[in-house]
Structures are given as structure tokens and as C-alpha cells.
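Undergrad: Fold the following and give me the result.
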Amino acid sequence: MYLQHFHMTEKPFSLTPDTQFFLNCRSHREALNTLAFALQDGEGFIKIVGEVGTGKTLLCRILLGRLDKTRFVTAYIPNPCLSPEELKAFIAAEIGADYQRSMPAHELTAAIYRRLLQIARQRKQVVLVVDEAQTMPRETIEALRLLTNLETEKRKLLQVVILGQPELDELLRRDDLRQLKQRIVFAEKLRPLSPAGVAAYVQHRLKASGCPQQSLFSPMAVWLLAKASGGIPRLINILAHKALLSAYGKRDSAIAGWHVAKAVRDTPECRACGRFWCRLWGLNGRTFVARPAEAAR
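TA: Reported below is the predicted structural model:
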């Protein structure tokens, strides 16, 4: 609704993980560098953990887009809440193994192994990317670990990147999963954006959307976005989108702090400190009660 009003070509704060809007911030850059090194080095398991909304799925898409198709065969599991048989069937289909769904488990594993060997002879590496890995049943995780046992004398035939929420770390602390935990050589944690990172994130997305106005969000608006979102990209998107809708409804040409404050009041998931500032300031028509100098501190 507000695209024409703000002269944008696309919605800048959509919740869809669009690689066009990817900001190469420090945390994501470190994770991508670790993934690139580990995959080149042939490590079996790589783990990426991040809170809800920190951009794990977007990171998956960036990784899959960057892997050289002449060197890697990739498979992506967005929802790994599967049984061991379903997991094997999915992998078999993704890598082009010659299998039938009615195959016994040992024959399906053999079909996967034969296909992995064929790919290895082509001097390619198979990479399986598992998103939301904290939802995997224990039996399925064990089946995945056993698949990574498939190897030649020189290297692993299957590399696995697992991404999940902090609950994934809790899951891997289980005593019966210690063998898998010991195989995770590289691990990274996606961190929330800093206040400066939030400002860069907002500016980057506005530019990618075609917005010609460099200072569409006021410094106060960006500051409150950082406080209320805690630097979580998904929350930034939700609040910024609602603030744009609020400004559009009033036919305002820029986003002030009070637009973001209205969005915060309408979003239960916001951080407590952001709600605190909104309560402290209050809304008095279109202006804050608090003095900007005090708020900036």
C-alpha cells in the first residue's frame, strides 16, 4: 500500500527470506566464512545456532546460492521433523539415487552409498543443509549421523550443515547424542545486530527496495527500532513495516519515533526495554513527551 507513496519498487521489510536484501553483517559474514572453510576442508558436521528471527533461513539460501555447482551437489531440508526412513528417502531423491520407496532400510542406505560414490568419482562433494534442526527426532538425528559414516579412504561422502535455535545445543547435550556432538568440528552463533548494525540494516533494505530517500527513518525512529527489536532482524522487519503503514495512513513523508512507538505498542513480541521507553515517553498526538536529548542517552 505504501510503495508508491514512498517511491519504492519492493517492500523493504518483508518477512520472506529474500537474498536480494541480505546484509553482510559481521555475524553472518563470520558464519559464511566458517561454512566456506569447513566445506572446502571436507568436515563432516558444521553447526550454526541463532535465536528466532536472526536470519538462519536466509543464511541457508545465501550458502546454497554461493556453492559452486561444478563442485558441490546440494540438498536442503527446511523441515526436518522426519522419521529416519523419510530422511533417507528425501536424501536419496535429492541426490538422484536409484531407489524405490518400498525398499527395505538397508537397501535404501546401499542405494544412497552407491550414488554418493558416483558423485565422488565426478570429483564433487554432497552437502546436506538442515534448517530448524532442533525439531529433528532423536532417532532421525542418529540416522543422519550414521549416514555421515559413509566415506572413502580419503574423505567423507556426505557433509552436513545443521542450523537451529538454541534448543539445538540443549538437544545435543543429551548423553545418547554425544557421538554426533563430537563430530561437530566447526560451530558459529548468529548474534543480534548492534544499534549501528540496525541503522545499517534499515538503510540497506531501503536502498534495495528502490527508496530514493536516504533519511526516511529519523535517528530517533532507528534508535527505538534497535531498542524494541533487540537487534533481531525479523522484529526489525515487523516494526519497520508497521511504522511505514502508520506513516502512509497519515500521509507523512518520513518515519518519526512516534510511528515506531505505535508499531511497538501493537507488537507483543517486542523487547521489554522498547516497551519501557514507549510507556515513559507516551504519545501526545504526533510528538513524544520526553526530551530527545534524554532519549538519545
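
Undergrad: where does the stretch 51-200 of the chain dip in pLDDT?
TA: Applying pLDDT under 70 to the stretch 51-200 of the chain flags residues 153.

Undergrad: Can you show me the strands along it?
TA: Listed in chain order, the strands found in the stretch 51-200 of the chain under DSSP state E, counting those that start in this stretch are 72-77, 125-130, 158-164, 184-190.

Undergrad: list the buried ones in the last one?
TA: By that I understand strand 184-190. 184, 186, 187, 188, 190 (16 or more other Cβ atoms under 10 Å). From N, CA and C alone the C-beta is placed, and that goes for glycine too.

Undergrad: what would the strands of the stretch 51-200 of the chain look like in CSV with distance to residue 90?
TA: Output for the strands of the stretch 51-200 of the chain, formatted as CSV (distance: least, Cβ to Cβ, whole Å):
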stretch, distance to residue 90
strand 72-77, 6
strand 125-130, 9
strand 158-164, 13
strand 184-190, 22
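
Undergrad: returning to that earlier point: with the buried residues of strand 184-190 in mind, which one is nearest to residue 234?
TA: residue 190 (11.8 Å; Cβ to Cβ).

Undergrad: Ignoring the adjacent residues along the chain, who's closest to that closest one?
TA: Take residue 190 and drop its neighbours on the chain: the residue closest to it by Cβ to Cβ, 6 or more residues apart in numbering is residue 50, 3.1 Å away.

Undergrad: Kindly report the same for residue 19.
TA: Residue 19's closest residue in space is residue 61 (Cβ to Cβ, 6+ apart), at 5.3 Å.

Undergrad: what's the burial count for that neighbour?
TA: Using other Cβ atoms under 10 Å, residue 61 is surrounded by 17 other residues.

Undergrad: need the contact list for residue 37.
TA: Contacts for residue 37 (Cβ atoms under 8 Å, 6 or more residues apart in numbering) come out as residue 186.

Undergrad: quick one: it from residue 154, how far?
TA: Taking Cβ to Cβ, to the nearest Å as the measure, residue 37 falls 19 Å from residue 154.

Undergrad: ok, which stretches of the stretch 51-200 of the chain are helices?
TA: 56-66, 84-95, 105-121, 138-147, 167-172, 178-183, 195-208 (DSSP state H, counting those that start in this stretch).

Undergrad: Make JSON lines out of those helices and add distance to residue 238.
TA: Below are the helices of the stretch 51-200 of the chain laid out as JSON lines (distance: least, Cβ to Cβ, whole Å):
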{"stretch": "helix 56-66", "distance to residue 238": "15"}
{"stretch": "helix 84-95", "distance to residue 238": "32"}
{"stretch": "helix 105-121", "distance to residue 238": "41"}
{"stretch": "helix 138-147", "distance to residue 238": "32"}
{"stretch": "helix 167-172", "distance to residue 238": "22"}
{"stretch": "helix 178-183", "distance to residue 238": "34"}
{"stretch": "helix 195-208", "distance to residue 238": "13"}
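
Undergrad: for the ones you listed, which one sits closest to residue 26?
TA: Here helix 195-208 is closest among the helices of the stretch 51-200 of the chain (Cβ to Cβ), at 7.7 Å.

Undergrad: Can you give the distance from that closest one to the centre of its chain?
TA: With Cα atoms, centre = their mean, to the nearest Å as the basis, helix 195-208 stands 17 Å off its chain's centre.

Undergrad: Using the neighbour-count criterion, name the buried positions in that helix.
TA: Residues of helix 195-208 classed as buried: 197, 198, 199, 201, 202, 203, 204, 205, 206, 208 (neighbour count, 16+ other Cβ under 10 Å).

Undergrad: And these, which is closest to residue 243?
TA: residue 202 (10.2 Å).

Undergrad: May I have the residues that are in contact with the closest one?
TA: Residue 202 makes contacts with 217, 222, 225, 236, 240, as judged by Cβ under 8 Å, 6+ apart.
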